[in-house]
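Student: this is a predicted model, with the sequence first.
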Amino acid sequence: MLTCSHFASLPERNLTGQLTDLERFLATCRGDTPDYVPIFGFPGAPGMSDGAMRKTHERLVATGMPSCVGGSSSLIFGNPERESWRRYWGTTGPLTLDFGLAGGAQGFRTTRRFENGFEIIESESGEITRQVVENDVTYSMPEFVRYPVRDRESWEFYKERTRPRRVMSREDMETNCRRYDKRDRPLCIGTGSTYGHIRGLMGTEGASVTLIEDPELAHDIIGTGLTYHREFVFPLIERLRPEIVQLGEDLCFNHGMLLSPRHFREFCGQYYREVCDCAFANGAEIVAIDTDGNAMEFTGVAAEYGVNAMFPYEVKAGNDLFELRQKHPGFVFFGWLEKEVVNEGNESLIEPEISSKVPQLLQRGRYFPNGDHGIQPPVTFRNLCRFMTLLHEVCGNPEGEFPRV
């Protein structure tokens, strides 16, 4: 069991008044002492902060969570009920924009059919995907039989079909932006990806081969993305001055980066340099990267360009935040708690996972503890209550309506 000795080394908490979510977030990022450390998660890798896929949510309800607690999400419709989840579990996350400046792309027609218990999705782009039925509410990795981009010709077709045809007027942009001016939570604006974009279009093997055999195509794909963000996203960063600017890469696997640091600098460096320059020139607190896998090397490579935050630091991939904290004292870390400890049969793993990591990292500052991805279907309500009870105690966090265990 956790005892008072686990908390003795934590910095003294500021009990003079309750901060807003925004103030608490900024204090934690800066290594200051907030009233408590929030359990903060990003969409895409939310840990315990932002609900669960529908079948996982159904499992929580079946094992005891009140059915009125929202947070049931899907790949298609997202998570419109996350606020009731956050109230119940005492978690938080960033504001994100519900509008964009560009639209009207022609896109692609798709067809769907069922075959031998799987759903087959075919697109005009030539893409073919094979996945489990109802994958949008469960999510297992689909089989990408054929990717939308395979060569220069298929890229030109894809680029033309995804080109924006419509741009929001400056007046409408201003009207939409005003809704975010008086915010009490941090705002996050996404700025796409580099290698992660190529990998999504061509697959890991195709992306890797393209860097070597057709570097002009790789530069065109990444450069097109940068041009889009210069035109349609940088103006929003300049106007709204978000606390968080985020890129989503998934460019690591269980042993490290999927491309060499040399290739990252050659193909992705300019993109990162411009994103970081725009972000910090407009008051951003962090530029954060979402990447799976082992990010030990990538943390340092990204930091060369100004990136100062990363998530979710998956445990099974071999990440070590104690080592990274020594190398990068100003970096902001998120996650690094094994998500599987809340699964049925893993009750004995919950306390060691939290007590061996969280107190030490909180003492060093600039750390937001959370699960290292999303909650899985074998979760039980009691285990999640136990996990959240201990995590809230370590963080000095009084939020949440869930029963303490």
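Tutor: Received the coordinates, thanks.

Student: list the contacts of G206.
Tutor: By CB atoms under 8 Å, 6 or more residues apart in numbering, the contact list for G206 reads Y147, V149, R150. Every C-beta, even on glycine, is put in place using the N, C-alpha and C of the backbone.

Student: from those, pick the one nearest S125.
Tutor: Nearest to S125 out of these is V149 (CB to CB; 7.7 Å).

Student: quick one: pLDDT of the closest one?
Tutor: You'll see V149 listed with a pLDDT of 98.

Student: from memory it sits against E156, does it?
Tutor: No: contact criterion CB atoms under 8 Å: V149 and E156 do not qualify, at 9.5 Å.

Student: between the two, which has more neighbouring residues?
Tutor: Comparing V149 with E156 by other CB atoms under 10 Å, the one with more neighbours is V149, at 26 against 13.

Student: contacting residues for that one?
Tutor: Residues near V149 by CB under 8 Å, 6+ apart: S125, W155, Y158, L201, M202, G206, I221.

Student: all helices of the stretch 201-350 of the chain, in order?
Tutor: 215-232, 234-240, 261-281, 296-303, 321-327, 347-355 (DSSP state H, counting those that start in this stretch).

Student: starting at the chain centroid, how far to the first one?
Tutor: Its chain's C-alpha centre lies 22 Å from the corresponding centre of helix 215-232 when counted by CA atoms, centre = their mean, to the nearest Å.

Student: now do that helix and helix 261-281, the angle between them.
Tutor: Per axes from the mean of the first three to the mean of the last three CA atoms, to 10 degrees, the angle that helix 215-232 makes with helix 261-281 is 10 degrees.

Student: show me which residues of helix 215-232 are buried.
Tutor: Neighbour counts over helix 215-232 (16 or more other CB atoms under 10 Å) mark L217, A218, I221, I222, T224, G225, L226, Y228, H229, F232 as buried.

Student: right, and the fourth one touches T194 too?
Tutor: Yes: with contact taken as CB under 8 Å, I222 and T194 are classed as touching, separated by 5.1 Å.

Student: identify the contacts common to those two.
Tutor: By CB under 8 Å, 6+ apart, I222 and T194 have these common neighbours: F267, C268, Y271.

Student: what sits against the first one?
Tutor: I take that to be F267. So F267 contacts T194, Y195, L211, P215, A218, H219, I222, L259 (CB under 8 Å, 6+ apart).

Student: need phi/psi at the residue of the chain most remote from its centre.
Tutor: Within the chain, N116 marks the point farthest from the mean C-alpha position, 33.5 Å out by CA atoms, centre = their mean. Note on N116: its backbone torsions stand at phi 50, psi 40 [degrees, to the nearest 10].

Student: what packs against the helix or strand of the chain with the lowest mean pLDDT?
Tutor: In the chain, no helix or strand scores lower on mean pLDDT, DSSP states H and E than helix 135-138, which sits at a mean of 86. Using 3 or more CB pairs under 8 Å, 6 or more residues apart in numbering; DSSP states H and E, the elements in contact with helix 135-138 are helix 54-62.
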